[in-house]
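Enquirer: below: sequence and its predicted model.
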Amino acid sequence: MTHRKQAEALAIQLAVDKLAAQTDLTARCARLGLPDPETAHGAIRLPLFGQTVELRPPAFEGVAIGTGLPPKPADRLLALHYLLCDRPVAPEGRWITFRDFPGGAFYWQPFLARSIQPLVKAIGNDPELLRTRLARFAGTIEAGPADALSARIAAVGRIAVLLVYRAGDAEFPATADLLYDACARRVYGAEDAAVLGGRICLGLL
């Protein structure tokens, strides 16, 4: 097991232990905008990258409804950290960049290298290819700039991400922006926000 995988596994176990110690998951889900666990026989259901995942205490391992497949470890960790948020989470309708997260400005260039840049390199000047691949996340096309493809993706729980992609021309290369609903800052720091952004961009390659 690589060092990264070991660290990820440890972070998952710590999150599971903290969540298993919570005494009122019903109230916690209400604050986070999630269904009452009692309606799913004690399991917590939340949107996760285009699917609905069911996490059942005390292990909170998770399976995707419809396929029965477990989420990727990084996805599961993002879901667990969402569930550990102690503040209410509701969409703010205001978009922020990765740099707006605590520590995001310092990590900006590595974030681009692990998310936006690989996406632009793979899609190039073919927004229709991107439009097709957005189906992987059940992305919805939004009204936006006339020269761009804007897609809204339900990422984790009530956190949405907006991908704005502009094809290039003879003078300028293709560009992309990844924006987060401002409520994401209530839940995640820069490290989790980077994982979330990379998960979406690399999932579209």
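Expert: Cool, got the structure.
Enquirer: the lowest-mean-pLDDT helix or strand in the chain: partners in the sheet, and parallel or antiparallel?
Expert: When the helices and strands of the chain are compared on mean pLDDT, DSSP states H and E, strand 140-142 comes out lowest with a mean of 87. With DSSP bridges as the test, strand 140-142 is paired with strand 149-156 (antiparallel).
Enquirer: list of residues touching the strand it pairs with?
Expert: In this structure, residues lying in contact with strand 149-156 by CB atoms under 8 Å, 6 or more residues apart in numbering are 46-50, 78-79, 82, 127, 130-131, 134, 137-144, 160-167, 184, 187, 196, 200. Yep, even glycine has a C-beta here, placed from its N, CA and C like the rest.
Enquirer: how many residues are close by residue 157?
Expert: 22 (other CB atoms under 10 Å).
Enquirer: nope, residue 181 is what I meant
Expert: Residue 181: 22 neighbours (other CB under 10 Å).
Enquirer: residues contacting it?
Expert: Residue 181 neighbours (CB under 8 Å, 6+ apart): 91, 92, 93, 94, 95, 96, 158, 159, 160, 161, 162.
Enquirer: where do the helices sit along this protein?
Expert: Here the chain has its helices, by DSSP state H, at 3-20, 25-31, 73-83, 108-113, 116-123, 127-133, 184-187, 190-203.
Enquirer: give me the below-cutoff pLDDT ranges for the protein.
Expert: By pLDDT under 70, the weakly predicted segments of the chain are 1.
Enquirer: how is it partitioned into domains?
Expert: Domain assignment for the chain by automatic domain parsing gives 3-83, 95-203.
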